[in-house]
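predicted coordinates and the sequence they were generated for:
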Amino acid sequence: MEKTVILYPMPGMGHLVPMVELAKIYILHKFSVTVVLMDSPNKHPSLDAFVSRVSSTHPSISFHQLPPPPPSSLPADPADISIFRILDDVRLNNPQLRHFLAAQSRISDVRAIVLNFFCTEALDITAELRLPSYFFFSSAASNLVVFLYLPTIYSTSDLNVKDLGDEPLHFPGLPPIPASHIPQNINDRNSEAGKRMFNVFRRLLDGDGILINTFESLEAQAVEVLRDGANFLGFRMPPVYCIGPLVADGSRDEGSGTVEKADCMVWLDSQPHGSVVFLCFGSMGTFPVEQLKEIAIGLEKSDQRFLWVVRAPRTKNEEPEPELEALLPEGFMERTKDRGLVVKSWAPQVEVLNHKAVGGFVTHCGWNSTLEAITAGVAMVAWPLYAEQRMNKVFLVELMKLAVAMEGYDKEMVTAGEVEAKVTWLMKCDGGRELRERAAAMKEMAAEAWREGGSSYQAWSEMVKTFDARK
Ligand SMILES: O=c1ccn([C@@H]2O[C@H](COP(=O)(O)OP(=O)(O)O[C@H]3O[C@H](CO)[C@@H](O)[C@H](O)[C@H]3O)[C@@H](O)[C@H]2O)c(=O)[nH]1
């Protein structure tokens, strides 16, 4: 029977994309891989297209779509990305997952299941079926330190993070983090959301190991804290494997056929080396129209070349999406057409970041975007929006020194003046040049991690050995 690994991502792009890279690594190491997709009304709109693209370019990765679960008791709201909805999705899909895993273990040699870190509720099933279970943490190791240590802060003090404003919080191995930067769903010690989240994090310790999409030289101190949990966190950790950066940069693809070149890539071909600043805010980031207009004015005044992915603000009740022109200042596209391009909703980000014309990246600090910029050697302007992104901004600016902050990200509005100033600073000033040089050096370190003998390569090999030891 073929050695099989089963991967179970959440249905968001930020979770699925690195899981697919993980699948490619298992396949390169002669495992058969099935990616199980939960059914959810909250799945990302680009997810099906992504899956069908991967299925055609990588037929060796099997995707298994679970049948629809019973309807949720939560009201439908595509904009709701709360922990309640996420955990509801996991719980509702559990019986279908159990059925699939039981059948799969009868017909193949399932060596391991890798669960997205939100899927801790699936652990009861995998334990019952005696399947070795690993968690995949798709954000920074530093965030995992925060998530695991915050309950200790709560249990040893009366602090409630949401009441502390910008007061710095101290976590082992990390720079001080302003309390206001802790994600909303864990900043209130009394909230039901917080309790649920901490439950999820506590259960990560019950798996056979935690895979993290990072590499040691990027987050050496946080990795040390996680490895020596007993000393730094006050409890023992399961084995931690830093196996990143897992980025869909084509490095694990074997001649995957020809893909039509996107218009923005053709446009980039005609731009000078390192001259374009790329602005993109993840798979879900949106801004109110007034903020889009401020960005546009800032870009226009900066005189820099730019490629900007604009997503319309979320609309309710299936209203049609407005056209780009209606979202931007009148005449903006015409006035900037010689040096700027606006793309609606989506651009092939990894390809863009690796294009020689791109010299800087204004990002929402989603962890995949961050790793994609690092592996491409592109310096960043950090403009965090939600989830753990404000903490990522702290690590990028204070610890890794790979980004400068877009000030005002934590206020109602980032002004046009700030957009102009930061874009110009990054692309034209000495400080920006230093940042770009650091980014170029970190690109080398990222590449080193997956070379034979590199830290991620070794972590990977150790994890695979534990599969065999269990047999
Ligand atoms: O126009 C676009 C927009 C996005 N992407 C891709 O979509 C992914 C986006 O991932 P990420 O940068 O991590 O952002 P989110 O989609 O916002 O990811 C969620 O998941 C991440 C990983 O857990 C978290 O770090 C984020 O905060 C959370 O919002 C990346 O691979 C991008 O390359 C594109 O290719 N083109």
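Received the coordinates, thanks. Numbers count the residues shown, from 1 in each chain.

elements contacting the helix or strand containing residue 145?
Assigned by DSSP states H and E, residue 145 falls within helix 141-156. Using 3 or more C-beta pairs under 8 Å, 6 or more residues apart in numbering; DSSP states H and E, the elements in contact with helix 141-156 are helix 192-203, strand 209-212, helix 220-227, helix 389-394. In short, each C-beta sits where N, CA and C put it, glycine included.

next, format these as JSON lines and append mean pLDDT, distance to residue 342 and mean neighbour count.
Listed next are the helices and strands packed on helix 141-156 as JSON lines, based on pLDDT from 0 to 100; distance: least, C-beta to C-beta, whole Å; neighbours: other C-beta atoms under 10 Å:
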{"stretch": "helix 192-203", "mean pLDDT": "93", "distance to residue 342": "36", "mean neighbour count": "17"}
{"stretch": "strand 209-212", "mean pLDDT": "98", "distance to residue 342": "35", "mean neighbour count": "24"}
{"stretch": "helix 220-227", "mean pLDDT": "98", "distance to residue 342": "37", "mean neighbour count": "20"}
{"stretch": "helix 389-394", "mean pLDDT": "98", "distance to residue 342": "23", "mean neighbour count": "25"}
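
distance to the ligand added to the ones you listed, as a markdown table?
Formatted as a markdown table, those follow (distance: least, C-beta to the nearest ligand atom, whole Å):
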| stretch | distance to the ligand |
| --- | --- |
| helix 192-203 | 13 |
| strand 209-212 | 11 |
| helix 220-227 | 15 |
| helix 389-394 | 5 |
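
can you get me a residue count around the residue in the stretch 251-400 of the chain positioned nearest to the ligand?
Residue nearest to the ligand within the stretch 251-400 of the chain: residue 366 (2.3 Å; C-beta to the nearest ligand atom). Counted with other C-beta atoms under 10 Å, residues neighbouring residue 366 total 26.

so the closest residue to it other than its chain neighbours, which state does it fall into?
In space, and not counting its chain neighbours, residue 366 is closest to residue 282: 4.2 Å by C-beta to C-beta, 6 or more residues apart in numbering. Reduced to three states with DSSP: H, G, I helix; E, B strand; the rest coil, the structure at residue 282 is coil.

burial check on residue 282, number of neighbours?
Residue crowding around residue 282 was assessed by other C-beta under 10 Å; the count is 23.

before we move on, back to that, so the residue of the stretch 251-400 of the chain closest to the ligand is in contact with residue 389, correct?
Yes: counting by C-beta atoms under 8 Å, residue 366 touches residue 389, with 6.4 Å between them.

overlap of the contact sets of the two?
Counting by C-beta atoms under 8 Å, 6 or more residues apart in numbering, residue 366 and residue 389 have no common neighbour.

so residue 311 makes contact with residue 280?
No: contact criterion C-beta under 8 Å: residue 311 and residue 280 do not qualify, at 9.3 Å.

between these two, which one's more packed in?
More neighbours surround residue 280 than the other of residue 311 and residue 280, with 24 against 20 (other C-beta under 10 Å).

ok, that one - contacts?
Counting by C-beta under 8 Å, 6+ apart, residue 280 has contacts 308-309, 347, 349, 352, 361-364, 369.

so it bridges to which residues?
residue 363 (DSSP bridges).

now it: how far from residue 391?
Noted for residue 280: a distance of 20 Å to residue 391, by C-beta to C-beta, to the nearest Å.

so the lengthiest strand in the chain, near the ligand or not?
Looking across the chain with DSSP state E, the single longest strand is strand 109-116. No: contact of strand 109-116 with the ligand (C-beta under 6 Å from any ligand atom) is absent, the minimum separation being 8.8 Å.

could you check the pLDDT of the residue nearest to residue 366?
Reported pLDDT at residue 282 in the predicted model: 92.

tally of neighbours for residue 93?
Using other C-beta under 10 Å, residue 93 is surrounded by 25 other residues.
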